[in-house]
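Asker: Just need the structure, nothing else, for what follows:
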Amino acid sequence: MIFSKPTGSLMSADVSPGNCDGDSFNSHEIIDGDKAGGLIILCDHASNAVPPAYNGLGIDPAELERHIGYDIGVAPLGRALAERFRAPAVMSCFSRLLIDPNRGEDDPTLIMRLSDGAVVPGNAHVDELERERRLNRYYRPYHTAVTRMIDDCLEAGRPPVLLSLHSYTAVWRGNDRPWHCGLLWDKDPRLPQPMIARLAMEAGLRVGDNEPYSGSLKNDTMYRHGTSRGLAHGLLEVRNDLISDPAGVLQWADRLEAVLRDILPEPSLYEIRHYGSLSDEPDPAAAGGGPDDKRDDKRSEADVDRPQYANRA
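Answerer: As a prediction, this is how the structure comes out:
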């Protein structure tokens, strides 16, 4: 399918249940678009907002401006791509420190008490009742919105491709991350492999393949909505210093538009195919696998060093 550029702006498009910048606090924002167009943009960590009742989680407001509060640059990048492709988008309207929508409900890093050295007082004594409250008010409505958007696209006649946008910090625990961007993926190669190949054609651009994180995390957003439903999907990470201002966002929107226009006409992207997940396979160590076992890959970062993996995406 050929995706045409819009003649007008989608900034006035239908947005529900409310804009993230509105007067009332909303769990998510929906940007309307062509549901038969074959593309959905997802932004799990679009906002660093905290509902007023939580008093900023008791954290220094400056901490919420860091990568621990949200994915810097992702919201404007997501809006730009949604406009250029007339694609529907779903964006979170709450900080990942309140509750992280890119985790399974049973993930121990769902609500962080400590994130990259910052103590979060408002999360220190979260009990089961409070956990359920946050799940019901913020986390579950976001995922319900994604599910409904996918269902609407399927009803419109075309299984959608899911592109999830995230950003990451250039330095982690004193170590430089050399990649300008990275594609995270599990076992479905249809979107990430062509994107990696196409991005890598640009001179000087360093592209990570499942860097700086592994793309296999059970019950995260891509597992829940992509892997489990057999939809082509990929999670794009952009180094956040590269999209921290309007000029950087524009540069990456131009770059990604060109890449996606080359890739999205591929018919196989719009077929439902169930590849399964590496996260569902037995642990090779537990099964007696040795260091040469090909399944013994970067997923160990999630299993062995949960605090490090907690800042994924």
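
Asker: mind listing the helices for the protein?
Answerer: Using DSSP state H, the helices found in the chain span residues 61-64, 74-85, 128-134, 140-155, 192-199, 221-222, 246-263, 300-304, 306-309.

Asker: Going by neighbour count, which residues in the fifth one are buried?
Answerer: Just to be clear, that refers to helix 192-199. 192, 194-196, 198-199 (16 or more other C-beta atoms under 10 Å). All C-beta atoms are positioned from the backbone trio N, CA, C, and that covers glycine.

Asker: Just to check, Ile263 is in contact with Gln193?
Answerer: No: in this structure Ile263 lies outside contact range of Gln193 using C-beta atoms under 8 Å: 9.8 Å.

Asker: which intervals of the stretch 151-300 of the chain have sub-threshold pLDDT?
Answerer: Applying pLDDT under 70 to the stretch 151-300 of the chain picks out residues 283-300.

Asker: quick one: the strands in it?
Answerer: Ranges of strands within the stretch 151-300 of the chain are 161-168, 171-172, 175-176, 181-184, 207-209, 233-239, based on DSSP state E, counting those that start in this stretch.

Asker: Tabulate those (TSV), appending mean neighbour count and distance to His125.
Answerer: What follows is the strands of the stretch 151-300 of the chain, written out as TSV (neighbours: other C-beta atoms under 10 Å; distance: least, C-beta to C-beta, whole Å):
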stretch	mean neighbour count	distance to His125
strand 161-168	26	29
strand 171-172	12	28
strand 175-176	8	33
strand 181-184	24	33
strand 207-209	18	37
strand 233-239	26	32
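
Asker: For these, please prepare TSV with the additional fields distance to Gly56.
Answerer: Below are the strands of the stretch 151-300 of the chain laid out as TSV (distance: least, C-beta to C-beta, whole Å):
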stretch	distance to Gly56
strand 161-168	22
strand 171-172	25
strand 175-176	30
strand 181-184	30
strand 207-209	33
strand 233-239	27
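
Asker: of the ones you listed, which approaches Gln251 most closely?
Answerer: Gln251 lies closest, by C-beta to C-beta, to one member of those: strand 233-239, at 10.4 Å.

Asker: Note down every partner strand of the closest one and its orientation.
Answerer: strand 161-168 (parallel), strand 181-184 (antiparallel) (DSSP bridges).

Asker: Dump the ones you listed into CSV; add distance to Tyr275 as well.
Answerer: Listed next are these as CSV, based on distance: least, C-beta to C-beta, whole Å:
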stretch, distance to Tyr275
strand 161-168, 14
strand 181-184, 15
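
Asker: Which residue lies closest in space to Gly38, excluding its sequence neighbours?
Answerer: In space, and not counting its chain neighbours, Gly38 is closest to Arg158: 5.0 Å by C-beta to C-beta, 6 or more residues apart in numbering.

Asker: before we move on, what about Leu42?
Answerer: Ser164 (4.4 Å).

Asker: who does the one you found bridge with?
Answerer: Leu42, Leu235.

Asker: how near is it to Glu266?
Answerer: Ser164 sits 19 Å away from Glu266, going by C-beta to C-beta, to the nearest Å.

Asker: How about Ala62?
Answerer: Distance from Ala62 to Glu266, by C-beta to C-beta: 44 Å.

Asker: quick one, which of the two is more surrounded?
Answerer: The neighbour count for Ala62 versus Glu266, taken as other C-beta atoms under 10 Å, is higher for Glu266 (14 against 9).

Asker: In this structure that one contacts Pro194, no?
Answerer: Yes: between Glu266 and Pro194 there is a contact at 7.2 Å, judged by C-beta under 8 Å.

Asker: which ones are touching Ala87?
Answerer: Contacts for Ala87 were tallied using C-beta atoms under 8 Å, 6 or more residues apart in numbering; they are 33-34, 37, 39-41, 81.

Asker: any chance of those residues in a markdown table, plus distance to Tyr223, neighbour count and pLDDT?
Answerer: A markdown table is the format used below for these (distance: C-beta to C-beta, whole Å; neighbours: other C-beta atoms under 10 Å; pLDDT from 0 to 100):
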| residue | distance to Tyr223 | neighbour count | pLDDT |
| --- | --- | --- | --- |
| Gly33 | 24 | 23 | 97 |
| Asp34 | 26 | 17 | 97 |
| Gly37 | 24 | 20 | 97 |
| Leu39 | 19 | 26 | 98 |
| Ile40 | 16 | 25 | 98 |
| Ile41 | 18 | 26 | 98 |
| Leu81 | 22 | 22 | 98 |
